[in-house]
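Trainee: Turn this into a structure:
(one chain, ligands or ions: 1)
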Amino acid sequence: MNRSDDRVLIVGAGPVGLCLALKLAQDGIKSTIFEQLADENFLDQVPRAGTNHPATLEMYDEIGLYKRLEPRGIIAPLFHYWDRAKGELIAEFDHAVLKGDTRFPFALQCERIKIVEEALKMAKANPLIDVRMATEFVGFVQDAAGVTAFVTNQAGEEESVRGGYIVSCEGARSVVRKELDIEFEGFTYPDRTLNIEVAYDFKRHGYTDRNYISDPEEWSNLFHWKGPPERWRVHFPTKPDEDPDALTKPEAMQARLQGFLPTGRPFDIVGCNLYTVHQRVAQRFRKGRAILAGDSAHVNSPIGGMGLNSGIHDAFNLADKLARIWRGEGDDSLLDLYERQRRHIAVQHTQAQTIRNKKLLMEKNPAVRERNHAELKRQAEDPKLARAFLLRTSLIESVREAAQIT
Ligand SMILES: Cc1cc2nc3c(=O)[nH]c(=O)nc-3n(C[C@H](O)[C@H](O)[C@H](O)COP(=O)(O)OP(=O)(O)OC[C@H]3O[C@@H](n4cnc5c(N)ncnc54)[C@H](O)[C@@H]3O)c2cc1C
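Mentor: Okay, here's the model as predicted:
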């Protein structure tokens, strides 16, 4: 590697790009991150994802990020499945059964915005990471020795930056993926999901910090977030032809919330957004020296909280491969191994599980619903089955499975 190629170029200071840079720096590898947002508007982003599973918490801990996130989040050892039509708790899963498998037998409810805020501070303080804020990545070329990225820098000037590899962590609309002409295979659900944020204590009605609520007419998810203000996020399905403005009118959202939990008093709504859900995986995760990770490589429904988590797992897997290449322990074929391992997990675990999760919550056939609920109850009540279930949902199983792929 010559001097100008001695770094990894990372597009996007999202959770995946920042964790990748921090992990590479631990291995002594320099990186440059291009982030289109500026310091002034970086924290104005929608909070988004927030359920961080045990396998991911172990990774955050490895780079010193966990201790910064824990005080900003909620430790959630439990999660619930509810039957809305019957108003019944079907199953309570307790991560305590994973005590022998992980140092983190719980999920941490901590939104993406807090993760990137803390990780960005760490990246800026690290001499091996060059963070370029307000810098939009517009394209790149690659050759046998490295890559050249083209950016519009903070001063509005066009600039080219040289590196050994480029990693696309700029999210679902990845410029790198499009330039490489890699197909984003999959589908988009016709209906959108409405997310309403409410300042209200749902625990007094028996809910825990994470709840999946099945209903043939209107399934939902209910999650607790640390304040101020202390908030709960309720997700609702919408019909494909419903007008977005009508859906987010305060009176329409109040009516929906009262349908979900009739309290007779208006809920204190502190935010809302409407989003489209895609289930897609890039056909390739690597072409030459350009590699995809996180949402750039795969997107999925947030039911089960797997998108951000599996993106962080990509970052750690890839950092390990790049470090081995840097140390001369292997060649670029290690990047094909990254693709084999992480694409397999994206298709067989993340996609399959999130599609199943949605189906389970919206199931209309009463006999199938009964059977599904009985099965969940059985799994939650038997410690051996509960452990197997939680190894899967906590993503520990997917990390172990990826490591077996050669
Ligand atoms: C409402 C909602 C709830 C969710 N809940 C969960 C959950 O509970 N658990 C979970 O695991 N996942 C969840 N997800 C998914 C999760 O947010 C994403 O999977 C995750 O943020 C992906 O991280 P990333 O770093 O790959 O990309 P992003 O978070 O999208 O970050 C990309 C970064 O790249 C920057 N960028 C983009 N283009 C350019 C460019 N051309 N030049 C420079 N910079 C650029 C962006 O500004 C951004 O900072 C949720 C998503 C949504 C929408």
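Trainee: Low-confidence stretches in the stretch 51-200 of the chain?
Mentor: Residues of the stretch 51-200 of the chain meeting the criterion pLDDT under 70: none.
Trainee: tell me, how many neighbours does the residue of the stretch 51-200 of the chain at minimum distance from the ligand end up with?
Mentor: For the stretch 51-200 of the chain, the residue closest to the ligand is Gly171, as judged by C-beta to the nearest ligand atom, at 2.9 Å. For every residue, glycine as well, the C-beta is placed using N, CA and C. Gly171 has 17 neighbours, counted by other C-beta atoms under 10 Å.
Trainee: List the residues that contact it.
Mentor: Contacts for Gly171 (C-beta atoms under 8 Å, 6 or more residues apart in numbering) come out as 12, 14, 294-296.
Trainee: Could you list which of these also contact the ligand?
Mentor: 12, 14, 294-295 (C-beta under 6 Å from any ligand atom).
Trainee: is it true that Asn211 touches Trp219?
Mentor: No - look at Asn211 against Trp219 with C-beta atoms under 8 Å: they stay out of range, at 11.2 Å.
Trainee: near the ligand, which residues of the protein?
Mentor: Going by C-beta under 6 Å from any ligand atom, the residues of the chain near the ligand are 11-17, 34-37, 48-51, 112, 136-137, 169-171, 175, 195, 275, 294-295, 302, 305-309, 311.
Trainee: Kindly write the ChimeraX command that selects the buried subset of those residues.
Mentor: Selection of buried members from these for ChimeraX, criterion 16 or more other C-beta atoms under 10 Å:
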select :11,12,13,14,15,16,17,34,35,36,37,48,49,50,51,112,136,137,169,170,171,175,195,294,295,302,305,306,307,308,309,311
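Trainee: In helices, which of the residues of the chain next to the ligand appear?
Mentor: Using DSSP state H, the members of the residues of the chain next to the ligand that fall in helices are 15-17, 112, 175, 307-309, 311.
Trainee: returning to what we had before: export the ones next to the ligand among the contacts of Gly171 to CSV and append columns for pLDDT.
Mentor: Below are those laid out as CSV (pLDDT from 0 to 100):
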residue, pLDDT
Gly12, 98
Gly14, 98
Gly294, 98
Asp295, 97
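Trainee: Tell me the one of the ones in helices among the residues of the chain next to the ligand nearest Arg356?
Mentor: Nearest to Arg356, judged by C-beta to C-beta, of those is Gly307 at 15.3 Å.
Trainee: dump the residue contacts of the residue of the stretch 1-150 of the chain found nearest the ligand.
Mentor: Of all residues in the stretch 1-150 of the chain, the one sitting closest to the ligand is Gly14 (2.1 Å; C-beta to the nearest ligand atom). By C-beta under 8 Å, 6+ apart, Gly14 lies in contact with 112, 116, 169-171, 294-295, 311.
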